[in-house]
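Q: pasting the sequence and the predicted model now:
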Amino acid sequence: MEFILFLSKLDKEILDLLIKANYIVEENKIECLINKKIKGLHNFEEKKIIICTENAKRKTNYRNKMREPNKDNFKTERAIRKALRHEATHVVQKCNNNKILGDIKKLESKLHPTKREALVFSTSNFSGTYAKEVEAYVLEDKPKKVKNLIKKYCL
């Protein structure tokens with residue numbers, strides 16, 4: 001799976017914990033082709049996370065370093081890492097009886113303004129509730145917290 005190349009050590013630990021929690025993690029499945037805007041998704045019924053690496057690469061203008069070695073692909077790394085953490089947060093919510101972990105008002109106050117458009121997209125195109133999506137967008141920037149929450153709620 002190519003997306004693993006973009007993960008930090010901590011994100012690889014999150015991936016390992018998801019697998020220990022009996023989740024399947026796949027990449028670039030049909031769902032990614034159907035909606036090219038998504039970078040990841042969580043299938044609750046099948047206990048599956050899909051990372052849309054090709055969508056993330058396209059959206060962040062990824063360039064092959066072998067062909068264009070001066071290009072910095074940090075945006076692609078960041079997008080894929082956040083996608084994994086976002087979907088991992090939904091896993092934690094599922095492990096918590098499909099409930100959010102925090103107070104929605106506190107979570108909303110921590111949501112970065114640039115994520116508002118993504119929040120609207122997520123809640124209007126997928127089955128996620130507003131509160132669950134807010135929490136996932138906040139926690140995608142907090143890998144240590146996501147890792148600890150997986151341990152606490154899912155293992």
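A: Cool, got the structure.
Q: is residue 18 in a helix, a strand, or coil?
A: helix (DSSP: H, G, I helix; E, B strand; the rest coil).
Q: for residue 4, grab phi and psi.
A: phi -60, psi -30 (degrees, to the nearest 10).
Q: hang on, it packs against residue 12?
A: Yes. The criterion here is C-beta atoms under 8 Å, and residue 4 meets it with residue 12 at 7.0 Å. Yep, even glycine has a C-beta here, placed from its N, CA and C like the rest.
Q: which of those two has more neighbours?
A: residue 4 (15 against 12; other C-beta atoms under 10 Å).
Q: and the more buried one, how far from residue 98?
A: Counting by C-beta to C-beta, to the nearest Å, the separation of residue 4 from residue 98 is 28 Å.
Q: find the nearest non-adjacent residue to residue 2, please.
A: The shortest distance from residue 2 to any non-neighbouring residue, by C-beta to C-beta, 6 or more residues apart in numbering, is to residue 53 (5.2 Å).
Q: what count of nearby residues applies to that neighbour?
A: 24.
Q: for the lengthiest helix in the chain, packing partners?
A: If you go by DSSP state H, the chain has its longest helix at helix 74-95. Packing partners of helix 74-95 (3 or more C-beta pairs under 8 Å, 6 or more residues apart in numbering; DSSP states H and E): helix 9-20, strand 40-43, strand 48-51, helix 53-59, helix 130-139, helix 143-154.
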